[in-house]
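Chemist: Here is the input, now give the coordinates:
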Amino acid sequence: MHMESALVSTAVGATMWGLSGTSLGAALPKIKKEKLPLMLGAGAFVFGAQMLNCAIPATGASGHLVGAVFLTALLGPCAAFATMAAILLVQCLGFDDGGFLAYGANLFNMGLIGCLCGATAFRGKAHSPLATMLLALAASVAALQLGALALCAEVALSGVSALRLGDFLTAMQPIHLAIGLGEGLLTGMLLTLAQARAFSWKTLTAGFAVCAALLIFALAPLASTAPDGLEWSLERAAAQP
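Modeler: Got it, this is the predicted structure:
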């Protein structure tokens with residue numbers, strides 16, 4: 001769901017920068033410095049996971065982990081949102097993945113919405129493995145559906161694309177439902193594993209760093225080359241008569 005700047009107008013892009021920036025400014029003072037090492041490790045893991053696109057059967061599209069719900073369950077919403085802001089900024093500036101004008105919209109769609117969904121699902125208390133799986137699934141599906149809906153609204157309000165909103169929504173929502181289901185299952189499994197083993201923060205941080213290196217250097221070259229959910233949806237919507 002990394003949106004390029006060509007899809008948003010200056011007014012919409014600036015507005016989303018303002019909304020996301022204000023939210024980030026409110027979140028930063030609430031982050032405990034003790035969480036910083038785990039934020040770095042978990043952030044590196046999510047960064048690596050976002051590079052690993054997986055094909056979605058029978059669609060011709062691919063999807064990848066967004067990670068906001070996972071980070072929220074692990075770190076809390078404020079630390080998770082700051083981590084997502086850093087991930088998306090590095091991708092934007094260092095890898096040309098998501099435009100600078102669209103950064104505020106991408107942070108809102110992929111970060112803020114996902115963190116709010118994660119915070120709603122995971123409210124501090126411990127959950128059974130089954131409850132963790134179900135909550136992760138529900139939060140991930142909600143985050144992807146609401147994020148896709150917000151993206152469509154931002155494109156429509158920008159008025160810089162000839163895409164019809166109905167066609168775009170019809171393409172975006174089902175494919176991101178599939179991606180959300182996959183993300184929910186993966187998120188639930190990761191959180192259940194972390195709970196079952198009761199890893200220390202130091203162990204988790206080291207484990208995430210190792211997994212990030214494996215994802216980036218060993219598995220990312222094997223990622224699917226099929227268009228991601230947004231690219232696939234744009235192609236489908238543009239092809240409508």
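
Chemist: what secondary structure does the residue most central in space within the chain sit in?
Modeler: Here the mean C-alpha position of the chain is nearest to the C-alpha of V66 (Cα atoms, centre = their mean), at a distance of 2.6 Å. At V66, secondary structure determined by DSSP: H, G, I helix; E, B strand; the rest coil is coil.

Chemist: One more: K125?
Modeler: Here K125 is coil, with the state taken from three-state DSSP.

Chemist: How many neighbouring residues does it have?
Modeler: Here the number of neighbours of K125 (other Cβ atoms under 10 Å) works out to 5. Quick note: C-beta positions are derived from backbone N, CA and C, even for glycine.

Chemist: and it, how far is that from C115?
Modeler: 18 Å (Cβ to Cβ, to the nearest Å).

Chemist: for this structure, which helix is longest?
Modeler: As assigned by DSSP state H, the longest helix anywhere in the chain is helix 165-197.

Chemist: Remind me what the helix or strand just after that one packs against, helices and strands.
Modeler: Heading C-terminal from helix 165-197, the first helix or strand you meet, by DSSP states H and E, is helix 201-214. Using 3 or more Cβ pairs under 8 Å, 6 or more residues apart in numbering; DSSP states H and E as the contact criterion, the neighbours of helix 201-214 among helices and strands are helix 36-50.

Chemist: and the helix it packs on, what's its mean pLDDT?
Modeler: Helix 36-50 comes out with an average pLDDT of 94.

Chemist: Could you pull out the buried residues of that helix?
Modeler: Of the residues in helix 36-50, those with enough neighbours to count as buried (16 or more other Cβ atoms under 10 Å) are 37-50.

Chemist: Show the backbone phi and psi for G159.
Modeler: The phi and psi torsions at G159 (degrees, to the nearest 10) take the values phi 70, psi 20.

Chemist: Which residue is the nearest non-sequential neighbour of it?
Modeler: S9 (6.4 Å; Cβ to Cβ, 6 or more residues apart in numbering).

Chemist: Can you get me a residue count around that neighbour?
Modeler: S9 has 17 nearby residues by other Cβ under 10 Å.

Chemist: Please apply the same query to L185.
Modeler: The local packing count at L185 equals 14, with neighbours defined by other Cβ under 10 Å.

Chemist: so how far is the lowest-mean-pLDDT helix or strand in the chain from its chain's centroid?
Modeler: For the chain, counting by mean pLDDT, DSSP states H and E, helix 201-214 ranks last in confidence among helices and strands (a mean of 86). Taking Cα atoms, centre = their mean, to the nearest Å, one finds helix 201-214 lying 19 Å from the centre of the chain it belongs to.

Chemist: Show me what counts as buried in the following helix or strand past that helix.
Modeler: Towards the C-terminus, the helix or strand next in line after helix 201-214, according to DSSP H and E, is helix 229-238. Judged by neighbour count using 16+ other Cβ under 10 Å, the buried positions of helix 229-238 are G229, L230, W232, S233, L234, R236, A237.

Chemist: now stretch 211-225
Modeler: Per 16+ other Cβ under 10 Å, stretch 211-225 contains these buried residues: C211, A212, L215, I216.

Chemist: so can I have TSV of those showing distance to T72?
Modeler: Supplementary listing: the buried residues of stretch 211-225 in TSV, determined by distance: Cβ to Cβ, whole Å:
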residue	distance to T72
C211	19
A212	19
L215	20
I216	23
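
Chemist: can you tell me which residues contact the residue lying closest to G180 once chain neighbours are set aside?
Modeler: Taking Cβ to Cβ, 6+ apart as the measure, G180 lies nearest to L144, with 3.3 Å between them; neighbours along the chain are not counted. Listed by Cβ atoms under 8 Å, 6 or more residues apart in numbering, the contact set of L144 reads M1, V66, H176, L177, I179, G180, E183.
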